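# build me a model:
(2 chains)
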Amino acid sequence: MAYGWAIELVGDDGRAVGRVGIAPDWRPAVDWTHFDGVRAGVLPARARTDAGAVEPRWDAALGAPYVDGFRVSVRAGDRVATRDIPRRYLGDLARDAAAELAARLGLRGERDVRWLVRATAEPGAAPAPDDAGFAVEPEARPWPVRDAPLAPFVGAAMRVGAPDGGLPVFFPPTVLEATHARARAAGDVETGGVLLGRLFRDVEPPHELFVEVTAELPAEHAIATATAITFTAKTWSAARRAVAARGRDEIVVGWIHSHVDFCRLRNCPPERRRTCTASHPFFSPEDVHLHTTCFPIGWQVALLVSDSAATGGLTSSLYGWSEGMVAPRAFHVLVQGVSHA
Amino acid sequence: MTQTATRTMDLRASDITGQKYFRAVAVPAQVTIGEVVQRLIAKMGLARTSSGGAPLAYHARLDRVGRHLHGNETVGDALEPDDELVLTPDIDAGAGAACAGARAGRREG
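Got it, this is the predicted structure:
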């Protein structure tokens, strides 16, 4: 069943004041559901070929057509994984649409209205005709996952951040130190790179997936300023060549970039630095967009190195996928060597 | 009237990390690389714009010859059957508008 989606603005009196259609990008939610299905052992560990299906989860209090979440399903052969995605998945899109609609209606601002998500069934909605003259089909190639015991990694590592239920990611301290050194040497411009590593599945039940980061490669041919870094086509190609040249059976498991000390650059007063979001690690809309575009698989991660006096200098933060959204993630630092097959 | 069969070939495509794979079936030889890339972007679900709405530039790299292909080359001239194209974008990250007032230096790596 296909659905049309809309944002409805509701005033303080609970009455609808306007509605605008939206076109959500469901790919991250479908990719997440596929990944989580593989992680749970429901789906085979290979690339997704099913387009997935998204159905509304009707609001318990308001009922249809109002939505308080989404139910996403992904198939692989005769197996199906289904996950519930929260309503805030549409948060950014909904807020932008609501703000635009409120402005058009001459409303004073979001204080006067709240937004609701509506879904309307569109039975018989046909996909757009295929007019390119040749077909393009996904291939279900196996994921590069190997079996290994997770326990030695956990025993050799220190966790950074609160447990979040995400797949464990293990960093050697040398990788974190190298990214800090590069950020320090670059001064007031951002830096970037790619993370290499391996994807494993624990040999012990519940056979958790986990990532071991083995190396970081600086982003060659990147263009950096104080507030942005462009990963060019040559950047990605150089990374692929370097991975092949290393010949260590590694894969690209994520990317890295750094943020400079913006508060110092802008010479912001201390009282402003205390409350400014830029004074602490944050993932910008551009960062989310790059991660979504280039690293859409659930086990792919992003390391952010942030420089700020508020946090005592350079800090490392990890971001990754959670319920189809990019979110801060806990990670592990290996404080001892790990012996595994 | 004599009809000439159109030469076609199957091609493969992957994203930059090599974890999403697609097969383009019976691509006509006269189609340009640019047209193939646009078709692949749509079917692979790759973003067409930046977070700010500007168009994203994608390039098709052919590892077999070690170069990025030009958009106006044709499939028949540039590719062999079962060649794999890697779609690589020029794409931005960074603090962006969060702190746009910061003094801008620039470095090219």
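# shouldn't residue A:330 be in contact with residue A:318?
Yes - between residue A:330 and residue A:318 there is a contact under C-beta atoms under 8 Å: 7.2 Å. No exception for glycine: its C-beta is placed from N, CA and C like everyone else's.
# for the longest strand along chain B, which strands pair with it and how are they oriented?
The strand that spans the most residues within chain B, counting by DSSP state E, is strand B:84-93. Paired neighbours of strand B:84-93 in the sheet (DSSP bridges): strand A:229-231 (antiparallel), strand B:8-14 (parallel), strand B:57-62 (antiparallel).
# of these, which is nearest residue A:101?
The closest of those to residue A:101 is strand B:57-62. By C-beta to C-beta, the value is 32.2 Å.
# show me the contact partners of the closest one.
Contact with strand B:57-62 is made by A:233, A:236-237, A:240, B:33, B:36-37, B:41, B:46, B:67-69, B:78-79, B:83-90, as judged by C-beta atoms under 8 Å, 6 or more residues apart in numbering or on different chains.
# at 7 Å instead, please
The contact list for strand B:57-62, computed with C-beta atoms under 7 Å, 6 or more residues apart in numbering or on different chains, reads A:233, A:237, B:33, B:37, B:41, B:68-69, B:83, B:85-90.
# let me see the mean pLDDT of that strand.
Strand B:57-62 shows a mean pLDDT of 95.
# stretch A:196-215 too?
Mean predicted confidence for stretch A:196-215 is 98.
# how far does that stretch sit from the chain's center?
19 Å (C-alpha atoms, centre = their mean, to the nearest Å).
# near chain B at all, it?
No - on the criterion C-beta under 7 Å from any C-beta of the partner chain, stretch A:196-215 is out of touch with chain B, staying 9.7 Å away.
# and if you look at stretch A:289-297?
Yes - Stretch A:289-297 is in contact with chain B by C-beta under 7 Å from any C-beta, via A:289, A:290, A:292, A:293, A:294, A:295, A:297.
# give the contact list for the last one.
Contacts here follow C-beta under 7 Å, 6+ apart; on that basis residue A:297 touches A:31, A:35, B:19.
# can I get the longest strand of chain B in PDB? Just the C-alpha atoms.
What follows is strand B:84-93, C-alpha atoms only, in PDB (Å, rounded to 0.1, in the frame of the first residue of the first chain):
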ATOM      1  CA  GLU B  84      32.400  -1.800 -12.800                       C
ATOM      2  CA  LEU B  85      31.800   1.900 -12.400                       C
ATOM      3  CA  VAL B  86      32.300   3.500  -8.900                       C
ATOM      4  CA  LEU B  87      30.100   6.600  -8.400                       C
ATOM      5  CA  THR B  88      32.100   9.200  -6.400                       C
ATOM      6  CA  PRO B  89      30.600  12.600  -5.400                       C
ATOM      7  CA  ASP B  90      32.100  15.900  -4.600                       C
ATOM      8  CA  ILE B  91      30.400  16.500  -1.200                       C
ATOM      9  CA  ASP B  92      30.900  18.800   1.700                       C
ATOM     10  CA  ALA B  93      31.000  18.200   5.400                       C
END
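# residue ranges for the strands of chain B, please.
B:8-14, B:21-28, B:57-62, B:67-69, B:84-93, B:106-108.
# pipe those into CSV and attach mean neighbour count and distance to residue A:229 per row.
Formatted as CSV, the strands of chain B follow (neighbours: other C-beta atoms under 10 Å in any protein chain shown; distance: least, C-beta to C-beta, whole Å):
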stretch, mean neighbour count, distance to residue A:229
strand B:8-14, 19, 24
strand B:21-28, 18, 28
strand B:57-62, 20, 16
strand B:67-69, 17, 20
strand B:84-93, 23, 5
strand B:106-108, 12, 9
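# any idea which of these scores lowest on pLDDT?
Minimum mean pLDDT among the strands of chain B: strand B:106-108, a mean of 53.
# low-confidence bits of chain A, can you list those?
Low-confidence segments of chain A, defined by pLDDT under 70: A:108-113, A:124-132, A:273-274, A:340-341.
# try it again at 50.
Within chain A, the ranges that satisfy pLDDT under 50 run A:341.
# near chain B, which residues of the stretch 51-200 of chain A are found?
Taking C-beta under 7 Å from any C-beta as the criterion, the neighbours of chain B within the stretch 51-200 of chain A are A:132-139, A:141, A:186, A:188-190, A:192.
# mind listing which of those residues are in helices?
residue A:186 (DSSP state H).
# of the residues of the stretch 51-200 of chain A next to chain B, just say which sits nearest to residue A:210.
residue A:141 (20.8 Å).
# neighbours of residue A:26, how many?
21 (other C-beta atoms under 10 Å in any protein chain shown).
# what about the residue lying closest to it once chain neighbours are set aside, neighbour count?
Once flanking residues are discounted, residue A:26 sits nearest to residue A:54: 5.0 Å by C-beta to C-beta, 6 or more residues apart in numbering or on different chains. Neighbourhood size, residue A:54 [other C-beta under 10 Å]: 20.
# could you look up the SS state of residue A:54?
Classification of residue A:54 using DSSP: H, G, I helix; E, B strand; the rest coil returns strand.
# got the contact list for it?
Residue A:54 neighbours (C-beta under 7 Å, 6+ apart): A:26, A:29, A:70, A:72.
# next one: it from residue A:70, what distance?
Remark: distance between residue A:54 and residue A:70 (C-beta to C-beta, to the nearest Å) = 6 Å.
# distance to residue B:26 added to the contacts of residue A:297, as JSON lines?
Output for the contacts of residue A:297, formatted as JSON lines (distance: C-beta to C-beta, whole Å):
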{"residue": "A:31", "distance to residue B:26": "28"}
{"residue": "A:35", "distance to residue B:26": "32"}
{"residue": "B:19", "distance to residue B:26": "25"}
